[in-house]
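Undergrad: return atomic coordinates for the entry below.
(6 chains)
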Protein chains: 6
Amino acid sequence: MLNDAEAEAIPAVKAVFDDIRTVRKSDFINNFWRGLANDPTLLKRTWKGLKAVMMAEGALDPLVREMIYIAVSTANGCTYCVHSHTAAARAKGMTDAQHGELLAVIGLAGQTNHLVTAMQIPVDPEFDVSRG
Amino acid sequence: MLNDAEAEAIPAVKAVFDDIRTVRKSDFINNFWRGLANDPTLLKRTWKGLKAVMMAEGALDPLVREMIYIAVSTANGCTYCVHSHTAAARAKGMTDAQHGELLAVIGLAGQTNHLVTAMQIPVDPEFDVSRG
Amino acid sequence: MLNDAEAEAIPAVKAVFDDIRTVRKSDFINNFWRGLANDPTLLKRTWKGLKAVMMAEGALDPLVREMIYIAVSTANGCTYCVHSHTAAARAKGMTDAQHGELLAVIGLAGQTNHLVTAMQIPVDPEFDVSRG
Amino acid sequence: MLNDAEAEAIPAVKAVFDDIRTVRKSDFINNFWRGLANDPTLLKRTWKGLKAVMMAEGALDPLVREMIYIAVSTANGCTYCVHSHTAAARAKGMTDAQHGELLAVIGLAGQTNHLVTAMQIPVDPEFDVSRG
Amino acid sequence: MLNDAEAEAIPAVKAVFDDIRTVRKSDFINNFWRGLANDPTLLKRTWKGLKAVMMAEGALDPLVREMIYIAVSTANGCTYCVHSHTAAARAKGMTDAQHGELLAVIGLAGQTNHLVTAMQIPVDPEFDVSRG
Amino acid sequence: MLNDAEAEAIPAVKAVFDDIRTVRKSDFINNFWRGLANDPTLLKRTWKGLKAVMMAEGALDPLVREMIYIAVSTANGCTYCVHSHTAAARAKGMTDAQHGELLAVIGLAGQTNHLVTAMQIPVDPEFDVSRG
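TA: Model prediction:
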């Protein structure tokens, strides 16, 4: 992985890093972005996508988006992602009680997902969203 | 899978089904619970866990819990669970705009989870929640 | 997917199908093997591997092996595999009570796997099997 | 994560830890339970569920349950869970030969699960457990 | 899911559908894009990303990219994705022999991924790409 | 895990290790094979399978096979496998540009797999490979 100096010697990388710093109001660039710096096009597209989805005004509270993100990352077993977005959720005000409930829902879904798959439950016609 | 009549001939199953109907204010029992009816103890424990996690008063809005549930179920590839909890989220007032953002966050997390794992990004010490 | 006649017109496929029928004492060839018939080398290697792991004399009861197989297939979301190996487990004598407990363990593991990952629990030094 | 002293200062946590020690006849509390100690309700419900599924008298041998648990945890990529339940299986008498066969079945299922999904094999009507 | 007429009544959707038709030289719009039509912003961003990654000139052959895509989709258990990208790979010239080897590699990786995780193999220092 | 001396004291293990060294033209035996050394039969079968799939002459370039392997391992969250096969791909000539595109395809597939599953998109009849 490139270190900060190596990464920022690439102008297209420096431009993204500068935008990350401005948007986040922090000098800290976490490892994910430095890993992507080997491919400035992928770095730029990924950062742009993340800004659009996680930071734009919208119908879901930013903290709710972080919790959804943690839920997906947990089910995908992405250690880094759980760490970084739990930190982000904390920074956005997630309380201990909210974290506890997030864990409880994730655990419950893990359990019932497995039960459903193990029993091969057919979809009730009442639930078929793809036909909506 | 037992049909309703077979399932409700088992008193321990009927007790759970009655509680489901009372709590949900609806006569409809979806296939998941009928699948579990073959094992009344597992049925009862699962319903009790679901009530405690999804329906009790708490720090997270019930709709937020449904969206977290959908997120986990998507990453686990549980077709039935996505269908049933998208229906539940709709019933709790999820708007098209909220659904669109939920999908966008789930998609983004899927993408970045894979990028992180493919690059084997080490956890920044700043993010290490397990040491908290 | 090739139908039976097309598949068995390939001598290397017919040889494997004949062995499947002999070993299983049944004429029925399920879809998985017909799907693999497009690549007789892969078909042969896969059948040979399955015989060695699932059917050879060994330290684990054949029914236990089927239940372990179902557990993996559930967590991997493999619908076909859950169906086919639940049928195989039934054929090997799995009772309703055993099936119920299998489901309960699978569900519990699904739940606690997710809780552990969401909390990023560090491995206790007492448990580190890789150093054994 | 709370250390033992912090965790046990919470009476509802101490009650669960005491029960864990009694049931297991050991003073050792592993990290999973300490991680859950931040949410005593979730801790209690999780421990209660685990006792009911893994430790109650039943139709499956306790060692078989541990092996099923390891199988799910492997497919879910839960490092901690594989470590802790491999240790538990060893403590319940799992031999090297049994462990080798467990690995072989897990590996085979991983392989055939992927082959089935990559070929999109349709379920044989003979196997459809959900209609049972 | 919106049908074609409903979807194309939305100008931002029609613009993307027109581009899909032009780029692919085909009138056919598959269900994935119609599903995304409920959220024109997400539709546009997803199509733009797919064009950049799958269709731009680059260092990897377009057929190789399709096979990598199938590999990920298989491991994620995405039925639709395996179907649609196997069709795409066929359209780009994938032969039966190449498909057979793709399946064999996917199956092998599935097997060894599970073996590695079940044994909790530590990374050899020689392989640590994150330190590169 | 056995160390080299312990492992090679078992003749069936030494035979496989010798073949690995000959085929790879290197003295280095990575941890995966040493982990399997506890079960010489499983070791031998796994090595034989890997040679047949990854090293035999065939329709796919060896580097392409490594990239497919990395794709599966990423989606399965197998840290060790991503590390070892990224090293193998590098050894077979994978360039930075190829690695960047591999990551981009893996990330895109991760995203669209999740979108498809979250929307429960039905398979277009045009794509149904299982009926081929």
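Undergrad: okay, CA-based contacts and neighbour counts for the rest of this
TA: OK.
Undergrad: can you find the helix or strand in chain A with the smallest mean pLDDT?
TA: Within chain A, no helix or strand scores below helix A:4-8, which has a mean of 89 by mean pLDDT, DSSP states H and E.
Undergrad: show me what it is packed against.
TA: Secondary-structure packing of helix A:4-8 (3 or more CA pairs under 8 Å, 6 or more residues apart in numbering or on different chains; DSSP states H and E): helix A:11-24.
Undergrad: run the chain-centre distance for the least confident helix or strand of chain A.
TA: The gap between where helix A:4-8 is centred and where its chain is centred comes out at 24 Å by CA atoms, centre = their mean, to the nearest Å.
Undergrad: ok, and the closest non-adjacent residue to the spatially most central residue of chain A?
TA: Central residue of chain A (CA atoms, centre = their mean): residue A:69, 4.2 Å from the mean position. Distances taken as CA to CA, 6 or more residues apart in numbering or on different chains place residue B:109 nearest to residue A:69, at 5.7 Å, with adjacent residues excluded.
Undergrad: for residue A:38, give me its contacts.
TA: Neighbouring residues of residue A:38 by CA atoms under 8 Å, 6 or more residues apart in numbering or on different chains: A:1, A:2, A:7, F:96, F:100.
Undergrad: quick one: buried residues of the helix ranked longest in chain A?
TA: When chain A is scanned for its longest helix (criterion: DSSP state H), the result is helix A:96-119. Residues A:98-119 are the ones in helix A:96-119 that count as buried (16 or more other CA atoms under 10 Å in any protein chain shown).
Undergrad: same thing with stretch A:84-94?
TA: By neighbour count on 16+ other CA under 10 Å, the buried set for stretch A:84-94 is A:84, A:85, A:86, A:87, A:88, A:89, A:94.
Undergrad: now, the most widely separated pair of those residues?
TA: A:84 and A:94 (13.6 Å; CA to CA).
Undergrad: now do the longest helix of chain A against helix C:96-119: the angle between them, please.
TA: On the basis of axes from the mean of the first three to the mean of the last three CA atoms, to 10 degrees, helix A:96-119 is oriented at 140 degrees to helix C:96-119.
Undergrad: what about helix A:96-119, average pLDDT?
TA: Mean pLDDT, computed over helix A:96-119, is 98.
Undergrad: swap in stretch A:44-57?
TA: 97.
Undergrad: contact residues of chain A facing chain C?
TA: By CA under 8 Å from any CA of the partner chain, the residues of chain A that approach chain C are A:70-71, A:74-75, A:77, A:79, A:82-83, A:103-104, A:106-115, A:117-120.
Undergrad: if we go to 7 Å?
TA: Chain A comes close to chain C at residues A:74-75, A:77, A:79, A:82, A:103, A:106-108, A:110-112, A:114-115, A:117-118, A:120, as judged by CA under 7 Å from any CA of the partner chain.
Undergrad: of the residues you listed, which are in range of chain D?
TA: Within the set of these, contact with chain D (CA under 7 Å from any CA) is found for A:77, A:120.
Undergrad: in stretch A:55-74, what's buried?
TA: Under the neighbour-count criterion of 16+ other CA under 10 Å, stretch A:55-74 has A:60, A:62-74 buried.
Undergrad: ok, now stretch A:17-28?
TA: A:17, A:20.
Undergrad: now that stretch: average pLDDT?
TA: 96.
Undergrad: in PDB, could you pull the C-alpha coordinates for it?
TA: Only the C-alpha atoms of stretch A:17-28 are listed here, as PDB (Å, rounded to 0.1, in the frame of the first residue of the first chain):
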ATOM      1  CA  PHE A  17      -7.500  13.100  -0.900                       C
ATOM      2  CA  ASP A  18      -8.000  16.900  -0.700                       C
ATOM      3  CA  ASP A  19     -11.700  16.500  -1.300                       C
ATOM      4  CA  ILE A  20     -11.900  13.800   1.400                       C
ATOM      5  CA  ARG A  21     -10.200  16.200   3.800                       C
ATOM      6  CA  THR A  22     -12.500  19.100   3.000                       C
ATOM      7  CA  VAL A  23     -15.700  17.100   3.100                       C
ATOM      8  CA  ARG A  24     -14.800  15.400   6.300                       C
ATOM      9  CA  LYS A  25     -13.200  18.400   7.900                       C
ATOM     10  CA  SER A  26     -10.300  16.200   9.100                       C
ATOM     11  CA  ASP A  27      -6.700  15.600   7.900                       C
ATOM     12  CA  PHE A  28      -7.000  11.900   8.500                       C
END
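Undergrad: can I see the domain layout of chain A?
TA: Domain ranges of chain A: A:1-56, A:59-131, per the TED database.
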